[in-house]
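Chemist: Provide a 3D model corresponding to the input given below.
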Amino acid sequence: MQLGRATVLGGSGFIGRYIVQRLAAKGLVVAVVSRHAGDAGFLRPQGDVGQIALIDAGLGDEARLVAAVAGADAVICSVGILYERGRQSFDAVHVQGPALLARLAQAAGVKRFVHISALGADVDSPSAYARSKAEGEAAVRAGFPGATILRPSIVFGPEDSFFNRFAVLALYLPALPLIGGGMTRFQPVYVGDVADAAVAALDRHEAPGRIYQLGGPRIYTFKELMELMLREIRRRRALINIHGGGARPAHLSRSLPPGRSLCRHADDSQRPFGKLRSAPGARESRFPANSPLTLALLRNGALPLPQGERGEDAPRVPSPLAGEGGPA
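Modeler: Residues are numbered from 1 along each chain as shown. Okay, here's the model as predicted:
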């Protein structure tokens, strides 16, 4: 599908900035909508002069959102919060805002709508975060029936708020808590892969109306991730078990359910990406390793090593996009 212009809500955020970069690389004109557009100037060099426009608007600013989606061929909603603070509630950010955006995109005749949700989104979850993500998905599909939903697992990258948060704690604390005894399982996915999946969803003819779950090829326990992080920042810290259901981070403790792999290559199980699910025909990319934690996960099989890390060219890998099924 030929797309000329895309609007990205939350384009200056952790995942959004990678989506903007990839859209600009494909030649699209990108409108980045952010509550603090003045702080998103770092995105402009990702495209040519005038290719990336910054629009200051909040999730409830209907007039500005109408202007932002007008003339757009695609809209990607990548807003999200892990914790509620003030007016930034789960309902406002995960449900009401995306619902409004979906309705406005439908009314404007937008061709494709991609919504970034989260693995584990479930209306019956004990986690308010996971419930709000599920409610947001339903609201988006009510407003834009052909919306594509992406559910990434825990996302890692240079700017992530998971590994970096625990790394900072490890610099100052003598011990780190192992919530739930450290046996909670995670399936980390690289932020660049999530961005590639969002862009691939704009091109794949079967993507509208579908839900895709995104995860890396390896499942780690929380304890294994903490041990990995401590090795990389060269700190020795005690890991103390903390049991009790109330302490379990239910909105993060998910890995992909069993399912058929949609890899492009029959021998993908032997590739460095393992059984990472991927989009046929998607643009391939090589990922930068610009943080110690990214390098750590590269070395442990979550990504192929880039050139220089093992003395040879890294294999190129397809962008990930795996289907959960047809429209719900």
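Chemist: Show me the helices in the chain, by range?
Modeler: In the chain, the helices defined using DSSP state H lie at 16-25, 62-69, 90, 97-107, 128-143, 163-172, 191-203, 222-233, 292-299.
Chemist: For the residue lying farthest from the centre of the chain, give its distance to residue 224.
Modeler: Here the centre of the chain is the reference, and by Cα atoms, centre = their mean the most remote residue is residue 174, at 31.4 Å. Computed as Cβ to Cβ, to the nearest Å, the residue 174 to residue 224 distance reads 21 Å. Where C-beta positions appear, they are placed from N, C-alpha and C, glycine not excepted.
Chemist: Confidence-wise, which helix or strand of the chain is lowest on average?
Modeler: strand 323-325 (a mean of 39; mean pLDDT, DSSP states H and E).
Chemist: sorry, back to before: pick the most deeply packed of the helices of the chain.
Modeler: Among those, helix 191-203 has the highest mean neighbour count (mean count of other Cβ atoms under 10 Å), at a mean of 26.
Chemist: how many other residues sit next to residue 234?
Modeler: Neighbours of residue 234 under the rule other Cβ atoms under 10 Å: 7.
Chemist: count of neighbours near the closest residue to residue 191 other than its chain neighbours?
Modeler: Spatial nearest neighbour of residue 191, excluding adjacent residues (Cβ to Cβ, 6 or more residues apart in numbering): residue 157 at 3.5 Å. Neighbours of residue 157 under the rule other Cβ under 10 Å: 27.
Chemist: So for residue 157, what's the pLDDT?
Modeler: Residue 157 is assigned 92 on the pLDDT scale.
Chemist: Report the separation between it and residue 35.
Modeler: 21 Å.
Chemist: picking that back up, report the contact partners of the residue farthest from the centre of the chain.
Modeler: Contacts here follow Cβ atoms under 8 Å, 6 or more residues apart in numbering; on that basis residue 174 touches 237-238.
Chemist: cool, and residue 240?
Modeler: So residue 240 contacts 175-178 (Cβ under 8 Å, 6+ apart).
Chemist: Among those residues, which one lies nearest to residue 61?
Modeler: Nearest to residue 61 among these is residue 177, at 39.2 Å by Cβ to Cβ.
Chemist: That closest one against residue 237, yeah?
Modeler: No - with contact defined as Cβ atoms under 8 Å, residue 177 does not reach residue 237; the gap is 10.6 Å.
Chemist: So what's the residue count around the residue nearest to residue 79 when sequence neighbours are not counted?
Modeler: Counting by Cβ to Cβ, 6+ apart, residue 10 is the residue found nearest to residue 79 once chain neighbours are left out, at 3.7 Å. Residues within reach of residue 10, counting by other Cβ under 10 Å, total 25.
Chemist: Now do the same contact list for residue 10.
Modeler: Residue 10 makes contact with 16, 33-34, 77-80, according to Cβ under 8 Å, 6+ apart.
Chemist: picking up where we left off before, any residues in contact with both of residue 177 and residue 237?
Modeler: Counting by Cβ under 8 Å, 6+ apart, residue 177 and residue 237 have no shared contacts at all.
Chemist: Show me the strands in this protein, by range?
Modeler: All strands of the chain, identified by DSSP state E, fall at 5-9, 29-34, 52-56, 74-77, 112-116, 148-152, 155-156, 175-179, 185-186, 189-190, 211-214, 220-221, 238-242, 323-325.
Chemist: where's residue 196 relative to residue 224, distance?
Modeler: 26 Å.
Chemist: Apart from its neighbours in sequence, what residue is nearest residue 182?
Modeler: Distances taken as Cβ to Cβ, 6+ apart put residue 223 closest to residue 182, at 3.2 Å, once the chain neighbours are dropped.
Chemist: pLDDT at the one you found, what is it?
Modeler: 95.
Chemist: Please report how far it lies from residue 172.
Modeler: 20 Å.
Chemist: do residue 148 as well
Modeler: For residue 148, the distance to residue 172 (Cβ to Cβ) stands at 41 Å.
Chemist: Please apply the same query to residue 131.
Modeler: 33 Å.
Chemist: Quick one: residues contacting the residue nearest to residue 31 when sequence neighbours are not counted.
Modeler: Spatial nearest neighbour of residue 31, chain neighbours left out: residue 7 (4.4 Å); criterion: Cβ to Cβ, 6+ apart. Listed by Cβ under 8 Å, 6+ apart, the contact set of residue 7 reads 30-31, 33, 68-69, 72, 74-76.
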